[in-house]
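Trainee: What follows is a protein structure lacking sequence information:
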């Protein structure tokens, strides 16, 4: 049976990079959620927290929203953990 988790047991592989980019902007999870809401995406602080911790799956639409917000190409979100670079 196929398991939908990354090798480290997380539900997504880009949550750590999203957290890293958010912290580089010096904004809170709440502010990130508010910015996404202004862009038309239904996201709250709790969803951001769960994404960053790897507890929540991320849809392709949400990945595009994060890439747009951070002004990066989508593959950047999937790079190895940026905080270790």
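Mentor: Noted; the coordinates are in hand. Treat the numbers as computed from the prediction; the structure is a model and nothing was measured.

Trainee: alpha carbons only for contacts and neighbour counts from here, please
Mentor: OK.

Trainee: Residue 78 reaches residue 13, doesn't it?
Mentor: Yes - assessed by CA atoms under 8 Å, residue 78 is found in contact with residue 13 at 6.4 Å.

Trainee: more neighbours, those two?
Mentor: It is residue 13, of residue 78 and residue 13, that has more neighbours when counted by other CA atoms under 10 Å, with 23 against 17.

Trainee: ok now do that one, which residues does it touch?
Mentor: With contact set as CA atoms under 8 Å, 6 or more residues apart in numbering, residue 13 has these partners: 6, 54, 78.

Trainee: for residue 22, same thing?
Mentor: Shown in contact with residue 22 (CA under 8 Å, 6+ apart): 28-29, 32.

Trainee: Now whatever helix or strand it lives in: buried residues?
Mentor: Residue 22 is part of helix 15-24 when elements are defined by DSSP states H and E. Within helix 15-24, the residues scored as buried using 16 or more other CA atoms under 10 Å are 15-22.

Trainee: All set now, cheers.
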